[in-house]
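Visitor: Next come a sequence and a model predicted from it.
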Amino acid sequence: MADLLEVRDLRTYLHTSHGVVKAVDGVSYSVAPGQTVALVGESGCGKTMSALSIMRLVPKPQGSIVGGEIIFAGRDLLTLKDEEMRRIRGAEIAMIFQEPMSSLNPVLTIGRQITETLEAHSAVSKGEARERALELLRLVGIPDPVQRLSEYPHQFSGGMRQRVMIAIALSCKPKLILADEPTTALDVTIQAQILELVRDLTQKFGVALMIITHNLGVVARYADRVNVMYAGKIIESAGAREIYENPRHPYTLGLLRSVPRLDQPRKAKLDPIEGQPPDLWNLPQGCSFLPRCRFAVGKCGQEVPPLREAGDSHRSACWVAETLQQQTVLSS
Amino acid sequence: MAQTQNSTLNTQNSILEVRGLKKYFPIYSGLFAQRVEGWVRAVDDISFSIRRGETLGLVGESGCGKTTTGRCILQLDRPTAGEVLFEGQNLARMADAALRPLRRQMQIVFQDPYSSLNPRMTVGQILSEPIRVHRISPDGRRYEDRVAELLSVVGLNPLMAGRYPHELSGGQRQRVGIARALALEPKFIVCDEPISALDVSIQAQILNLLEELQERFGLTYLFIAHDLSVVRHISDRIVVMYLGKVVEIAGRQELYENPLHPYTKALLSAVPIPDPLVEAKRERVVLGGEVPSPLNPPHGCIFHSRCPIAVEECSQRVPEIREVRPNHRAACIRV
């Protein structure tokens, strides 16, 4: 099947007072219709900028997309006029943000925020929009939807607000939802509720989903494919099962090995990734992960490793991907 | 490291005891906020003890009262009722002036290393301030030596003393926060979510550091967190809180192998495991509903409104916490 979204060599730079930061530095990936893809990385790795680039919502004037293509349903979003992009944003591609309190409008009722999206993108009457809003609130499991429709965001708990965000995202039957750390601000038991809900609804309606997260654990249950980012680049990309069983980049391997796991006996000592997260203003020559890498060889300090085949539909940007010990996290 | 299971809970061995601790916060109403309209029962009659040299994990979701418990132990918030016995002395009844010398022995590491360090002070000033306040080392030259020593103890370059917090990464800032807590050579440290604001790749570094320091200086920790996999890793014993109450207390291994309280079971099953194969086989207990308001907690068992095994009686009777298995206490009538 043709890909729904194909990002090719995307470059999004931020112009700061300390110089130019290559927040997204030549990133390529794709999302098939109905697929769930995870974009994993730490703060500052460029994962959010990558999603904002798809929506063409990169903050101006500091940020700008300086190169690449974003092909969505056959069209390059980067060549569209603002007016055309506005028709896609919220309708064909929707976004769920991390902090539901700051992404909902505090002075509009929940009902108005849902109907606003509907009215902007389709020719519905006020009554029809209200009916649809009610139906959406029921769908995302909000009790007393009739009453809740006329309430304001501050009257909702964090979990309920995130459900409202999901309702708004689904309102125009999008083909793709970008979820940026959708559960990071929520409690553990509520996280589970929200993730199960998102999975059920995207499956039910055949919506493709891109989950952006810093937590590899969160997406193991939900993702079909995982892309790992580090310092503005995708450094590993593989099917979910493959990447957890057979990581081929030292950073992914390190992330998997450093977290304590409830399903395994307790280790006497954790095995962390040494060093500090990369300083984007001052990246080392060659591979950005070099200063923290245990497997580095001479070449790593000279040439940036390209993202290349390292297995069946598995790509890794590491010079020693092939010889990287085949140790799964399970055997450690 | 600590004695994990000690069949007789004897007070000689415990460094800290919390007995019937309550902390209620008033809700004011009216134009000039004069009338007390109600009380938020942030912590509602909890008891536990911490043994010398151990790490006691305190877990629960936001709003369950775990941070307030930590603050009440250190008397940063004064308890509404109950006792906090630190080496036999009841801190809850002590005047501020009498407390001050004891504060040297009890320190705290905060969650957010961005907001808990003064941005206008250098790392050196941040670390020497507690030493100056407590007049431990009067000679100016020796402050610098002590600061350098503290920095190297937490794995930072002593040259960092001249830097400001904004020049450091999150992990480095948290190391400074830990060094500040160590400056007065305390016996007991409350670690309030010390790694949850940090990047995943840095979290394990800080956990290892905390364990090394515990061994090196014989520290006792109260480790407050919401992440159960982290809590299992670092704790000897674990207290689970829900809505201001303790619902379960057990040794680390016992709690994870035989969780008794339905809330603990739900919390454990909500923890994601970074392995699609394991996840595919896993049954998940997804709790319905949300944590009720501590302003108006449910009658009877506080958990009954979300509990998958609740019966009629649960909504009427408050379950006592009792020893269900050896050294394993739970507050549930169904176990």
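Guide: The structure has been received and is ready for your questions.
Visitor: Would you map the strands across the chain?
Guide: The chain I'm using is chain A. Ranges of strands within chain A are A:5-16, A:19-31, A:36-40, A:63-72, A:75-76, A:93-96, A:176-180, A:208-213, A:225-230, A:233-239, A:308-311, A:314-316, based on DSSP state E.
Visitor: hm, I was asking about chain B
Guide: Using DSSP E, strands in chain B cover B:14-29, B:35-51, B:55-59, B:81-86, B:89-90, B:106-109, B:188-192, B:220-225, B:237-242, B:245-251, B:322-325, B:328-330.
Visitor: For residue A:175, find the nearest of these.
Guide: Closest approach to residue A:175 among those (Cβ to Cβ): strand B:220-225, 39.2 Å. (Glycine included, C-beta is placed from N, CA and C.)
Visitor: In the sheet, which strands lie alongside that closest one, parallel or antiparallel?
Guide: strand B:55-59 (parallel), strand B:188-192 (parallel) (DSSP bridges).
Visitor: Redo the ones you listed as CSV? Include mean pLDDT.
Guide: Converted to CSV, the strands paired with strand B:220-225 look like this (pLDDT from 0 to 100):
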stretch, mean pLDDT
strand B:55-59, 97
strand B:188-192, 97
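Visitor: what's near enough to touch the residue nearest the centre of chain B?
Guide: With distances taken as Cα atoms, centre = their mean, residue B:224 lies nearest the centre of chain B, 2.7 Å away. When contacts are counted by Cβ atoms under 8 Å, 6 or more residues apart in numbering or on different chains, residue B:224 touches B:57-59, B:66-67, B:69-70, B:190-193.
Visitor: got those residues as a markdown table, with neighbour count columns?
Guide: Below are the contacts of residue B:224 laid out as a markdown table (neighbours: other Cβ atoms under 10 Å in any protein chain shown):
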| residue | neighbour count |
| --- | --- |
| B:57 | 26 |
| B:58 | 28 |
| B:59 | 26 |
| B:66 | 26 |
| B:67 | 21 |
| B:69 | 29 |
| B:70 | 20 |
| B:190 | 26 |
| B:191 | 28 |
| B:192 | 23 |
| B:193 | 21 |
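Visitor: wait, residue A:121 sits on residue A:88?
Guide: No: here residue A:121 does not reach residue A:88: they are 9.5 Å apart, not a contact under Cβ atoms under 8 Å.
Visitor: Report how many residues lie close to the residue nearest to residue A:53 when sequence neighbours are not counted.
Guide: Nearest non-adjacent residue to residue A:53, counting by Cβ to Cβ, 6 or more residues apart in numbering or on different chains: residue A:12, 4.8 Å away. By other Cβ atoms under 10 Å in any protein chain shown, the residues close to residue A:12 number 23.
Visitor: Find me the pLDDT at residue B:297, would you?
Guide: We have a pLDDT of 88 for residue B:297.
Visitor: Format the strands of chain A as TSV; extra columns: mean pLDDT.
Guide: Below are the strands of chain A laid out as TSV (pLDDT from 0 to 100):
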stretch	mean pLDDT
strand A:5-16	96
strand A:19-31	95
strand A:36-40	96
strand A:63-72	96
strand A:75-76	96
strand A:93-96	95
strand A:176-180	96
strand A:208-213	96
strand A:225-230	97
strand A:233-239	97
strand A:308-311	92
strand A:314-316	96
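Visitor: Would you format the ones you listed as CSV with distance to residue A:199 included?
Guide: Shown next, in CSV, are the strands of chain A (distance: least, Cβ to Cβ, whole Å):
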stretch, distance to residue A:199
strand A:5-16, 19
strand A:19-31, 16
strand A:36-40, 8
strand A:63-72, 22
strand A:75-76, 28
strand A:93-96, 13
strand A:176-180, 11
strand A:208-213, 8
strand A:225-230, 15
strand A:233-239, 17
strand A:308-311, 26
strand A:314-316, 24
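Visitor: Looking at those, spot the one closest to residue B:17.
Guide: For residue B:17, the closest of these is strand A:208-213, at 40.7 Å, according to Cβ to Cβ.
Visitor: same for the closest one, what does it pack against?
Guide: Here strand A:208-213 touches strand A:36-40, helix A:47-54, strand A:176-180, helix A:188-205, helix A:216-220, going by 3 or more Cβ pairs under 8 Å, 6 or more residues apart in numbering or on different chains; DSSP states H and E.
Visitor: Report the contact partners of the nearest residue to residue B:332 once chain neighbours are set aside.
Guide: Counting by Cβ to Cβ, 6+ apart, residue B:261 is the residue found nearest to residue B:332 once chain neighbours are left out, at 5.1 Å. Residues counted as contacts of residue B:261 (Cβ under 8 Å, 6+ apart) are B:240, B:247-248, B:303, B:330-332, B:335.
Visitor: just these now: which is nearest residue A:193?
Guide: Checking the contacts of residue B:261 one by one against residue A:193 (Cβ to Cβ), the nearest turns out to be residue B:303, at 16.3 Å.
Visitor: For the closest one, give me its contacts.
Guide: Counted by Cβ under 8 Å, 6+ apart, residue B:303 has contacts B:242-243, B:247, B:261-263, B:310, B:332.
Visitor: Kindly report the same for residue B:256.
Guide: A:262, B:232, B:268.
Visitor: Inside helices: which ones of the residues you listed?
Guide: Within these, residues falling in helices by DSSP state H are B:232, B:268.
Visitor: and which of the contacts of residue B:256 is nearest to residue A:229?
Guide: Using Cβ to Cβ, these come closest to residue A:229 at residue A:262, 26.0 Å.
Visitor: Most neighbours among the contacts of residue B:303, which one is it?
Guide: Neighbour counts for those (other Cβ under 10 Å) peak at residue B:263, which has 30 neighbours.
Visitor: And it, how far from residue B:204?
Guide: 28 Å (Cβ to Cβ, to the nearest Å).
Visitor: Look up the residues forming beta bridges with residue A:13.
Guide: Beta-bridge partners, per DSSP bridges, of residue A:13: residue A:64.
Visitor: Enumerate the residues of the stretch 1-150 of chain A near chain B.
Guide: By the rule Cβ under 8 Å from any Cβ of the partner chain, the part of the stretch 1-150 of chain A lying against chain B is A:42-43.
Visitor: Low-confidence regions, the stretch 101-250 of chain B specifically.
Guide: For the stretch 101-250 of chain B, the stretches flagged by pLDDT under 70 are B:137-141.
Visitor: For chain A, what's its nearest residue on it.
Guide: Scanning the stretch 101-250 of chain B for the residue nearest chain A gives residue B:204, at 3.4 Å (criterion: Cβ to the nearest Cβ).
Visitor: What separation is there between that residue and residue B:66?
Guide: Between residue B:204 and residue B:66 the computed distance is 22 Å (Cβ to Cβ).
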